[in-house]
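A.B. asks: quick one, fold the following:
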Amino acid sequence: MPERIGLVEALGLTPFDKTAREVALALGGDSSTPKTRFGLSSLRNFHPRLGAALWLGRKPSGRRVPVTNLYNYRQPPPELGWSVRVTDVRDFRGGRNTYDSHNGTDFAIPPGTSVVAAAPGTVLRVSSEYHRGGRKILIDHGHGLVTSYNHLSRPLVQPGQRLRRGEPIALSGYSGLDALVGFPWAPPHVHFNVWLDGVYVDPFTPLDRDEPSLWRRHNDPVPALPGDLDDDDVPPSDWDDDAMARAVKACVHPATVAQIEQAPSAEERAGALLMHLAYFPTRFRREGLGEGFSLFCRVHPREPRLDLPFSHGDYDGVVFLPR
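C.D. replies: Got it, this is the predicted structure:
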């Protein structure tokens, strides 16, 4: 059962001054960050009946996690700004269960639900960017594979911490700007990102492609079972120190540079760089990064390594909402 948490914590509203500044940045933008784009089609992201039930702590789909949005294979250029409109979209099944700039998978669950590591790994970063995903955790699984868990209410881990498969890392919520705008009609959820070699990828594999899914159970993810929890084999990461230095030099946002350079460890520096490059790409000069830029020393293949990031005591699998 979900743990009872307060609405302020679930929405990640504190500290209020930081929240207010980041809301203003999302809506108005600045010299290096385009403003968020939305319109009438954005209302398609609301699911009033599902949202109300989840906010009340109910699970309308029982032991199946509703997937409200999938990865969009037709994302607009980041220079146009983050778009929550539904214009040119296509998910891995060839449908429209997504929106323009959506780069992950949304798992709709009641606030206070236990969120777990999708695979063994090391915590790279624990942070909160209210205008981009709220409270979040980044985990390095080695061999170029990194996952992030967004819209959390209460992180339970620290940077540098080693994790087993299925180990609890946070309580869910719906922290972030989109919850503030859509409450209570937008369902609380975990926005789950996956990067391979620092590039956003879909853990599901398109039905018309002959490539492996990143889920251990192909396109039907399930939670890790008790016998899997002792799986602690984390391949070493091969971060490219020269590439990281080049990325810092290419950053045009002084506050971002300061945050990266103040990271207390090499792993946290890599986590800060990955987060900022992914969530705020327009703060980095493309010509400064170079063609085919990567934070890793080599290219890594897609391999089935991930499980559903929730406990087997709470869920058995997923269900895709029609759209």
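
A.B. asks: hey, where'd the strands end up in the stretch 1-150 of the chain?
C.D. replies: Along the stretch 1-150 of the chain, counting by DSSP state E, counting those that start in this stretch, strands occupy 64-69, 105-108, 114-116, 121-129, 134-140, 145-155.

A.B. asks: CSV please, covering those strands and showing mean neighbour count.
C.D. replies: Glycine gets a C-beta too; all of them are placed from N, C-alpha and C. Conversion of the strands of the stretch 1-150 of the chain to CSV gives the following (neighbours: other C-beta atoms under 10 Å):
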stretch, mean neighbour count
strand 64-69, 22
strand 105-108, 26
strand 114-116, 23
strand 121-129, 22
strand 134-140, 25
strand 145-155, 24
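
A.B. asks: nearest to Thr205 among the ones you listed would be which one?
C.D. replies: Proximity to Thr205 (C-beta to C-beta) singles out strand 105-108 among the strands of the stretch 1-150 of the chain, at 12.8 Å.

A.B. asks: and the contacts of that closest one?
C.D. replies: 47, 50, 54, 65-71, 187-192, 202-204, 308-310, 318 (C-beta atoms under 8 Å, 6 or more residues apart in numbering).

A.B. asks: before we move on, the earlier item: tabulate the strands of the stretch 1-150 of the chain (CSV), appending mean pLDDT and distance to Gly12.
C.D. replies: Putting these into CSV (pLDDT from 0 to 100; distance: least, C-beta to C-beta, whole Å) gives the following:
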stretch, mean pLDDT, distance to Gly12
strand 64-69, 97, 19
strand 105-108, 98, 16
strand 114-116, 98, 14
strand 121-129, 96, 6
strand 134-140, 97, 5
strand 145-155, 97, 7
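
A.B. asks: so for Phe16, which of the ones you listed sits nearest?
C.D. replies: Across the strands of the stretch 1-150 of the chain, closest to Phe16 is strand 121-129 (C-beta to C-beta), at 12.6 Å.

A.B. asks: which strands and helices sit next to the closest one?
C.D. replies: In terms of contacts (3 or more C-beta pairs under 8 Å, 6 or more residues apart in numbering; DSSP states H and E), strand 121-129 is packed against strand 134-140, strand 145-155, strand 162-163, helix 266-279.

A.B. asks: please save the CA atoms from the longest one in PDB.
C.D. replies: If I follow you right, that is helix 266-279. Extracted C-alpha coordinates of helix 266-279, given in PDB (Å, rounded to 0.1, in the frame of the first residue of the first chain):
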ATOM      1  CA  ALA A 266      33.900  12.400 -10.400                       C
ATOM      2  CA  GLU A 267      30.700  10.300 -10.500                       C
ATOM      3  CA  GLU A 268      28.500  13.300  -9.300                       C
ATOM      4  CA  ARG A 269      30.200  15.500 -11.900                       C
ATOM      5  CA  ALA A 270      29.200  13.000 -14.600                       C
ATOM      6  CA  GLY A 271      25.700  12.900 -13.200                       C
ATOM      7  CA  ALA A 272      25.400  16.700 -13.200                       C
ATOM      8  CA  LEU A 273      26.700  16.900 -16.800                       C
ATOM      9  CA  LEU A 274      24.400  14.200 -18.000                       C
ATOM     10  CA  MET A 275      21.300  15.800 -16.400                       C
ATOM     11  CA  HIS A 276      22.000  19.300 -17.700                       C
ATOM     12  CA  LEU A 277      22.900  18.100 -21.200                       C
ATOM     13  CA  ALA A 278      19.700  16.100 -21.400                       C
ATOM     14  CA  TYR A 279      17.200  18.400 -19.700                       C
END
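
A.B. asks: which stretches of the stretch 151-300 of the chain form strands?
C.D. replies: Along the stretch 151-300 of the chain, counting by DSSP E, counting those that start in this stretch, strands occupy 162-163, 168-172, 189-196, 199-200.
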